[in-house]
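A.B. asks: what follows is a predicted structure for the sequence shown.
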Amino acid sequence: MKSGFPRWVGHFFRMQVWGLVPLVAAWVGCTFAVAEAALVKPTTLSIDPYHRADITSPLVLKPRHSVDFQDMNGQISDAEIALTIGLWQSSEYHLSPSTELGYAAGAGSQTGIVHSADQLAPQWTIDTTELTRQLASWRAGRYQESTNAWDGFVPVWSLPYRLSTNTYTAVLYVDAASTNPLPPYASMGTAAQTLQDAVDAAPNGAVIRVASGIYCTGATTNVVGINRVVLTKPVTLESIEGPEATMILGESEPATRCVYINHPQAVLRGFTLAYGFSGGLGSTLQEKSGGGLLALNVQEISSCVIDNCSALPWGSGGGMALFSASGLVNRVEVKNSEAAYGGGVAIYWGSYTRFRNGQIHHNTASVTGGGLVVDNCPNLINLLIHHNDAALNAGGASLGQGSELWHGTVVNNASASAGGILLAGNGARVGNSIVYYNSGGNLARQAGTSGQTVLNSCSSTINDPEIAATNLLTTIPQFINPLLDDYRLRSKTSPLIDAGMTRSWSGLLEDLDGAPRLLGDTPDMGAYEHAQVNLALSAPTNVTAGQVIHLTIEASWPEGLTLGALNLDLDLPSTWTLTDASGDAMPVIHDAQVVFLGKPDSTGITAVATIQTDYTQVSNQAIAASMTWQLSGMTEALTQSQQTMQVNAILPSGFDLTAFASAGGVTFPEFQIIPAGSNGTLTITADPYHQIDVVMIDAQPLSGISGLTSLVVTITNLQADTSVYAYFRAATTTYGVPLSWLAGYGLTNQSPEAEAQDDADGDDMANWEEYLAGTSPLDPASLFVFDQSHMPEASQQSILTWPSVSGRIYHIQIADELTPAIWTPLATNLVATPPENSFQVPPAGAAGAGFYRILVEPAP
């Protein structure tokens, strides 16, 4: 302790305690008149960002998902997954009705319904395969029920949604629940209630940021019909929380489109557009089309979902129609919509329209183009088109003159003819695509047209010899799980991998999952590049029998993807044991498995598995590992074939050199056998914010080492078994403040001594005093104060209470007056009883009346 500074802190004032009140928000549904229309709409709608509506009762513990037992909200929390991990680690679990989960680790009653993660035999044990499913749903952020999944559930992955970072002339806000809408809507407190009010008030070059909610009021009528929102100026309209929480609704009666855009610098980002209707009977093509969205000119439409919209009976693009638009449509999903032409999407005069990374599914056309109809659009890239249907032809897509689809996956669509793709115009082209499993034929040509080509694609049939096909594969694609709409390639040996044609833009774009398009020398076929976890194992080739092997595990995966699950199953010699694992993403061991339980924050992890060998000489002993892994977007984990490395274990001769470490540091190696007369060397390393305190070699202390953070110990001429003991202590300032405490509060910009003397929160308590008192150095409201409560009047006694922390002792002093104050002890050496100490003051007349102060110092 630095001289001149007493090691106590005392204060006389009272601290006010604030509690945290959780914020609860409720959505008010929008009510609609239900008209006679093909789409069935509920009379009341509400936001369902976690797909709660997809969760039955709520799930299968029959009746719920056992992992999601707290909120049952379609999300698995950290606390929920931790309990499931505990059941997995115990190797056995039982019913426990008295607990919130309903199950507990270990043996017990097993008569009843098993945990819903426990779908594989034997029951009443959760194996690693079953745990892997739950880890993926936890890492994905949410899950939903699926009758086609073997355990009844699939993870629901979403690409990150972020606000734009461009420079704008102004920022305006919209909130459907705003109670004080005041132009120019420059804050959430004065946000507009309707989207159109904010759009009308926005200057050119502004951004309009929209709070989560349902937007179903306001309408503008123009030459293309009635629209909920009209964007005809250079502004950006974007949601704050993304499409799952922000919805723009149209209406069937009168027919109201969700959004109409007509400006080359207009941007729409992050919305769900639902129940929009164009009416389909207008006098112009534009008026009839685009039930959810009509764009005649636009800069960008991105991160949107268009659902349950219509342009029937005679319009085009039930979900979205773009005519002569020159912008980018990126990461837009169009589903459950209908029109005469292009049930999901219609793009006409699309020479300058770029449509990338889209999903078009479960749409219907009464004539042609169940999912998509395009004309003169050569920039269709990374589209997943599935489960669409058309009455006449082109169940998946109709590609008109000059249109090109690259990296499409067109599957499970249906029509009377050309169930997959109809090449409907001269020069239409399909490249690097998978067109398979379509009812009514995969690829066909419109009669009277010519010049169509199919390049480097996979399709079982092409129903027209006039279509020029180059490098066509007819092999079955082998998707991960078509029943779950997972159309990623399952096997790294698939002939579709690296079988595409490299284009000038191939290395610049992502695939539909957000991974780089070029992961190999050439791109893969389809909307998804085959991504996998790459594994590398390394260990010393020669080890001494009886010692440990440190097996280094390195795993990596493509940029843009996140880890869903990863575990290794090691095949070790029967007398070897997996004893520990450490490194990134919380590796833990379970039998001969290494399972990663954390959430890595990068695209790679490194870990070390410790394997204890026995004293048996072996040559070329194999260590084999099979890897089970899952990446974002995937509905289930895949298992990679075994990797094998060879190790030689050589019998030792000599003396044991064993090293032991207390908490706060490590020794390495922990065990060696040193030949007689040779030198043995080991390393002692303190943990961060710790120091070496004492090192003993066979009960003899080393001198001059106290305070070091690392030390190499060499013992010469070893002639007997020897033990080394290393003890560590926390590193502190001269004020006794642990460096770890300073670092925990981010107080690292100065030297530790300077930080200890500083007053970070300006409350007249130095940081070292805050440490002693157990208060926060960053919060001026966190104070060391005491309270006094009076007992019944007859006793003339009172009780002092104050916050306490472990490792402290307290002293109470009393003075008759404060000026001058003469303090005398009232109580000394009061041991801390966290989180609070109390002391009963003697009655008045027994040294109990006066002024008090409480002093604190470290316990000896």
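C.D. replies: Here it is on my side, so go on.
A.B. asks: all contacts plus neighbour counts: C-alpha atoms, from now on.
C.D. replies: Fine.
A.B. asks: which residues does the nearest residue to Ile809 once chain neighbours are set aside contact?
C.D. replies: The shortest distance from Ile809 to any non-neighbouring residue, by Cα to Cα, 6 or more residues apart in numbering, is to Val831 (4.8 Å). Applying Cα atoms under 8 Å, 6 or more residues apart in numbering, we find Val831 in contact with Arg808, Ile809, Tyr810, Ala859.
A.B. asks: including secondary structure, neighbour count and distance to Thr610, could the residues you listed go into TSV?
C.D. replies: Listed next are the contacts of Val831 as TSV, based on DSSP: H, G, I helix; E, B strand; the rest coil; neighbours: other Cα atoms under 10 Å; distance: Cα to Cα, whole Å:
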residue	secondary structure	neighbour count	distance to Thr610
Arg808	strand	20	39
Ile809	strand	20	43
Tyr810	strand	21	46
Ala859	coil	13	39
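A.B. asks: farthest-apart pair in those, please.
C.D. replies: Tyr810 and Ala859 (8.9 Å; Cα to Cα).
A.B. asks: partner strands of the host helix or strand of Asn837 and their direction?
C.D. replies: Using DSSP states H and E, Asn837 falls within strand 836-841. The strands beside strand 836-841 in its sheet (DSSP bridges) come out as strand 798-803 (antiparallel).
A.B. asks: flag every buried residue along the partner strand.
C.D. replies: Ser798, Leu800, Thr801, Trp802, Pro803 (16 or more other Cα atoms under 10 Å).
A.B. asks: same deal with stretch 435-451?
C.D. replies: Quick answer for stretch 435-451 (16+ other Cα under 10 Å): 435-446, 449-451.
A.B. asks: what's the span of that stretch, first residue to last?
C.D. replies: Distance across stretch 435-451, first residue to last, is 19 Å (Cα to Cα, to the nearest Å).
A.B. asks: now swap in stretch 667-676 and tell me
C.D. replies: First-to-last residue span, stretch 667-676, Cα to Cα: 22 Å.
A.B. asks: what about Ser751, neighbour count?
C.D. replies: 10 (other Cα atoms under 10 Å).
A.B. asks: and the pLDDT at it?
C.D. replies: You'll see Ser751 listed with a pLDDT of 93.
A.B. asks: now the contacts of Val831 as a markdown table including distance to Ser187 and pLDDT?
C.D. replies: Below are the contacts of Val831 laid out as a markdown table (distance: Cα to Cα, whole Å; pLDDT from 0 to 100):
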| residue | distance to Ser187 | pLDDT |
| --- | --- | --- |
| Arg808 | 48 | 92 |
| Ile809 | 51 | 94 |
| Tyr810 | 50 | 93 |
| Ala859 | 52 | 87 |
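A.B. asks: let's have the residues you listed in JSON lines, adding distance to Gly633.
C.D. replies: Below are the contacts of Val831 laid out as JSON lines (distance: Cα to Cα, whole Å):
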{"residue": "Arg808", "distance to Gly633": "52"}
{"residue": "Ile809", "distance to Gly633": "55"}
{"residue": "Tyr810", "distance to Gly633": "57"}
{"residue": "Ala859", "distance to Gly633": "54"}
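A.B. asks: no further queries at this time; thank you.
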